[in-house]
Each structure stands twice: as structure tokens, then as C-alpha cells.
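> Structure, please.
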Amino acid sequence: MSNIQKALDLISTFATGDAELAASLLDEGYIQHNLAYGTGRDAFVGSVKYLASAPAETTVRNIRAFEDGDKVFLQSIYNFAGAGEQVAFDIFRFNGQGLIAEHWDNLANVAGPNPSGRTQTDGTTEVSELDKTEENRALIEAFLEDVMQGKRPEKTPEYFAGDAYLQHNTGIADGLSGLGAALEALAADGIQMIYDRTHQVLAQGNFVLGVSEGTFGGKPTSYCDLWRVEDGKVAEHWDVMETIADPADWQNENGKF
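Model prediction:
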């Protein structure tokens, strides 16, 4: 069974309540970076059992699934025990025995279409350019540093094919022009979106996921950004931003990253 299928099987247990399957897929020392949950296999299995006992059902719908070395990264929509739909990025690391050993994620409530009519999850799903995985990873690594971290903002236009940029962020319109207008509007409201550090850059073909740490409006924030690359340019973008909980509220000591 592929690692992608194992990861999909694991998230499906939230909906099916199959605690035995969940336990069979996880390393006993499973490391959890979702700060709302305990760490370890038993804590995950406990969550599956809890959701199975809830009066409202849990639903899970995967949108995109990718693999990069020992990691699988997913974009999915969850509704945990009827609490409302959330869009999520999940990253699972597999150990040498093929068990899931570590997990990172970002979740946000599902919102309506953005100014260009795009949702948080629609758009291209097909993986291509498998021979350009490392080239595309390097492109996004440079983009994160030059543009998102603001180290060389003058290079921004070089990463785009003119104004052709499909945007799935809930508040931003298509195009480099849409991105610029949104940042100007934030600045006018005294809100800064700051990327300080990139922790992971995962890639498969034309899709690259960056996991970054920074602040939004002064609050510690985790950024998950998925980009689709086309002909060496940044062509499409999906994201989930999550405010990092106060350490006093953490249910594990592993940290968000």
C-alpha cells in the first residue's frame, strides 16, 4: 500500500470511527504538532473513538494528495462532529517501517468565494512536471525568501507570467495586481502579514507546499501555502493561515513546527 493511501486511510478513520485501523497505521511514538491534541498513538486513537461517539457525524473529503520522500501532504475538507467545515493541510512523516510517525497541520473555517469567485479548494488537481520537482521546489524556496519574507521585493515580478496568477486565498483577487491591492489594503488598516522563517518546502511535480512561521496582525501565525508552478512561473495559490495558540493552552509540547 502506498504512503498516500495510508495517509488517506488514516484521516478516513475520523469519519468511520475505525480505531483499529488508525492504530495499525501509527507508530507508537507518533509525534503530534496539532497543539489542540495530545501526542502519541493512543491520543490519536482516543480522538477517533471520541468522534465515533459524538451525536453528529464527522465527514472527511480529500481534495489533493502528494508525496515527497518520507512525507505525504494532503489538502482536505473536514467537518468534525458537525462543528462546521474546515479546510486543512496535513503533512504526515513515515518511518522506516512504513508507519506514520509525525504530523503537522493547519486548519481554517471554510469561507465563501474570494473576489475572483474562487474557493479555497477548487482549481487544478492534476500533478504534472514530475521531472521538474526539484527545479520547482528551488523556485518556491527562492520565492518564499525573496517575496514572502520580503528580502528582495524588487524581484517579485520575475516569479509571475505577467498578471496571470490564479488566487484561492479567501480575501485576495487573481493576479499579481490582486495580491498587491490586498497587501495595500492590509497596510492601510495597520495590519502586517510577516513571514519570518520557512520550516518545510515539500514538492511533487508542479505542486509545492511551503510551511512558514510569522505573524499576522501581530499574532504568531503558521502559514501553509500551496503553489502550482507552470513553465517556471508561479501560476496558482491555495493557503491556510492559522493563529498559533498560546503555549499555556497547548495539549502537547512538540510545538507547531
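> Please, which helix or strand holds the residue nearest to T16 when sequence neighbours are not counted?
Once flanking residues are discounted, T16 sits nearest to A52: 7.9 Å by C-beta to C-beta, 6 or more residues apart in numbering. Backbone N, C-alpha and C define where each C-beta goes, glycine included. Element membership for A52, per DSSP states H and E: helix 41-53.
> all strands of the stretch 51-200 of the chain, in order?
With DSSP state E, counting those that start in this stretch, the ranges of strands along the stretch 51-200 of the chain come out as 59-68, 71-79, 85-94, 100-109, 166-167, 193-204.
> Out of those, which is closest to S222?
Of all those, strand 100-109 sits nearest to S222, with 5.5 Å by C-beta to C-beta.
> List the buried residues of the closest one.
Applying a neighbour-count criterion of 16 or more other C-beta atoms under 10 Å, one finds 100-108 buried in strand 100-109.
> quick one: which two of these are the most distant?
A101 and A108, at 25.6 Å, using C-beta to C-beta across those.
> which strands and helices sit next to the least confident helix or strand in the chain by mean pLDDT?
Least confident helix or strand of the chain, by mean pLDDT, DSSP states H and E, is helix 175-188 with a mean of 87. With contacts taken as 3 or more C-beta pairs under 8 Å, 6 or more residues apart in numbering; DSSP states H and E, helix 175-188 sits against strand 166-167.
> Outside of the strand it packs on itself, list whatever touches it.
When contacts are defined by C-beta atoms under 8 Å, 6 or more residues apart in numbering, strand 166-167 is touched by residues 114, 116, 118, 123, 173-175, 178-179, 228, 235-237.
> Point out the least confident one among those.
pLDDT across the contacts of strand 166-167 is lowest for L179, at 86.
> for the protein, what are the low-confidence residue spans?
Counting by pLDDT under 70, the chain contains no low-confidence residues.
> now the angle between strand 193-204 and the least confident helix or strand of the chain, please.
With axes from the mean of the first three to the mean of the last three C-alpha atoms, to 10 degrees applied, the angle from helix 175-188 to strand 193-204 works out at 150 degrees.
> I would like the residues contacting helix 175-188, please.
By C-beta under 8 Å, 6+ apart, helix 175-188 touches 115-116, 156-157, 160, 162-165, 167, 169, 171-173, 192-193.
> Stretch 230-246 now?
35-36, 75, 87-89, 106-108, 120-121, 123-124, 135, 139-140, 143, 159-161, 164-169, 206, 216, 219-229, 256.
> Could you identify the most distant pair in the contacts of strand 166-167?
The most distant members of these, if one measures by C-beta to C-beta, are A173 and R228, lying 17.4 Å apart.
> okay, the two: which has more neighbours?
Using other C-beta atoms under 10 Å as the criterion, A173 and R228 rank with R228 on top: 23 against 17.
> Now E135. Nearest residue, chain neighbours left out?
Per C-beta to C-beta, 6+ apart, closest to E135 is G232, 7.6 Å.
> Angles on the backbone of that neighbour, please.
When read as degrees, to the nearest 10, the backbone of G232 gives phi 80, psi 10.
> and what of G38?
phi -70, psi 160.
> just to revisit the earlier point, looking at the contacts of helix 175-188, which is nearest Y30?
The closest of the contacts of helix 175-188, once distances to Y30 are taken by C-beta to C-beta, is N169, at 31.4 Å.
> what's the helix or strand for the nearest residue to the closest one once chain neighbours are set aside?
Of all residues not flanking N169 in the chain, D239 sits nearest, at 5.5 Å (C-beta to C-beta, 6+ apart). Taking DSSP H and E as the criterion, D239 maps to strand 233-243.
> So for that strand, what gets flagged as buried?
For strand 233-243, by 16+ other C-beta under 10 Å, it's 234-242.
> Reformat the residues you listed into TSV and put distance to L26 next to each item.
Below are the buried residues of strand 233-243 laid out as TSV (distance: C-beta to C-beta, whole Å):
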residue	distance to L26
V234	35
A235	36
E236	33
H237	32
W238	27
D239	28
V240	23
M241	28
E242	23
